[in-house]
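J.: the sequence and its predicted three-dimensional model are supplied below.
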Amino acid sequence: MNRYLDVAPQVRQALDAGQPVVALESTIISHGMPYPQNVETALQVERIVRDSGAVPATVAILGGRLKLGLTQQEIEHLGKKGQDVSKASRRDLAVLAARGADGATTVATTMFIAALAGVEVFATGGIGGVHRGAEVTMDISADLEELARTPVLVVCAGAKSILDLGLTLEYLETKGVPVVGYGTDELPAFYTSKSGYPVDYRMDTPEEIAAAFRASRALNLGGMLVTNPIPDQFAMDPQVINRAIDEAVAQATAQGIHGKQTTPFLLAKVKELTGGDSLESNIQLVYHNARLAARIAVCLAAQS
Ligand code: PSU
Ligand code: MN
């Protein structure tokens, strides 16, 4: 076991016994939602994973330790400190570990830490991707690179159209990452179930997804992206959400926001412009993804 890694006892036991485990990220707690909804959501996601037959392992960096599996107190700490916890992507890991600092893990670092301990399935809301205007700014999330190299199956609700979804799919194709639509031929756009872009493969059962990921592992390939459309009853009006996103992107450009601030700025602006509606959609789609991820993890454990 890596000397910078702490695996929670319940997670350790499950891994040793070959039982299903689902990793969960913490940037969504510290940077993605306001307190106290962030803590309530994080705890509820863990309950959903448990009720679906898998062991949840929320990931973060605390006091320089790479943590796989957090206590309720640790989740509350991350939720209360919010944006004061630094957003930790791959390039931040070594420095945070050496300094004994805290960090909220993005999709990239959550995948990295999950893979260190042998956790294969991870549920989140949305992934980072190629930003609009990336042909000039070169702003491409490290999440995509991590999907290319790290063998973890990530369940998300697609990506928000704060990104250029077409370029994000092109990049994933170049990097050899399969994009699966769960029960859909179309990439979901987080708040809405449709984006107008096709996925690579449609799959209709968790068994089918688990079998594809088994093959991916056996062939020593990298990650796999499973996109799960938001249920209709929680989806937003496309016109309302797209107007808010366009406005948020325009404000970010006008204010010269760049680097790691871009995504949190856009997420916060969209939330501000849509009131509480987008937050409720966001929470519900995370629950929906956690359920699917747990079912896939159960199938994987049964197949191995
Ligand atoms: N997109 C969302 N919600 C999020 C994030 C992205 O819809 O919470 C977070 C995730 O943690 C993701 C990170 O890994 O932002 C990507 O940041 P960046 O674009 O700076 O790589
Ligand atoms: Mn970026």
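T.: Perfect, thanks for sending it. Ligands and ions are numbered 1, 2, ... in the order given.

J.: mind telling me what element whichever residue of the stretch 151-300 of the chain sits closest to ligand 1 is part of?
T.: Minimum separation of the stretch 151-300 of the chain from ligand 1 (CB to the nearest ligand atom) falls at Thr263, amounting to 3.6 Å. C-beta: built from backbone N, CA, C; applies to glycine. According to DSSP states H and E, Thr263 maps onto helix 262-274.

J.: show me what that helix is packed against.
T.: In terms of contacts (3 or more CB pairs under 8 Å, 6 or more residues apart in numbering; DSSP states H and E), helix 262-274 is packed against helix 238-254, helix 277-303.

J.: quick one, it and helix 238-254 angle?
T.: 130 degrees (axes from the mean of the first three to the mean of the last three CA atoms, to 10 degrees).

J.: which parts of helix 262-274 are buried?
T.: For helix 262-274, burial by neighbour count (16 or more other CB atoms under 10 Å) applies to Thr262, Thr263, Pro264, Phe265, Leu266, Leu267, Lys269, Val270, Lys271, Leu273, Thr274.

J.: can you check stretch 283-303 too?
T.: Applying 16+ other CB under 10 Å to stretch 283-303 flags 283-301 as buried.

J.: and what of stretch 16-26?
T.: Neighbour-count burial for stretch 16-26 [16+ other CB under 10 Å]: Pro20, Val21, Val22, Ala23, Leu24, Glu25, Ser26.

J.: looking at it, the second one is touching Ala14, isn't it?
T.: Yes: contact criterion CB atoms under 8 Å: Val21 and Ala14 qualify, at 5.1 Å.

J.: any shared contact partners between these two?
T.: Val55 (CB atoms under 8 Å, 6 or more residues apart in numbering).

J.: residue ranges for the strands of the chain, please.
T.: 5-7, 21-24, 55-62, 65-68, 86-88, 103-105, 121-123, 153-156, 179-182, 201-203, 224-227 (DSSP state E).

J.: name the residue most distant from the centre of this protein?
T.: Farthest-out residue of the chain from its mean C-alpha position, per CA atoms, centre = their mean: Ala254, at 28.0 Å.

J.: contact partners for the residue most central in space within the chain?
T.: With distances taken as CA atoms, centre = their mean, Thr124 lies nearest the centre of the chain, 3.4 Å away. Neighbour list for Thr124: Leu24, Glu25, Ile28, Val107, Thr110, Val154, Val155, Cys156, Val286, Asn289 [criterion: CB under 8 Å, 6+ apart].

J.: that concludes my questions; thank you for your assistance.
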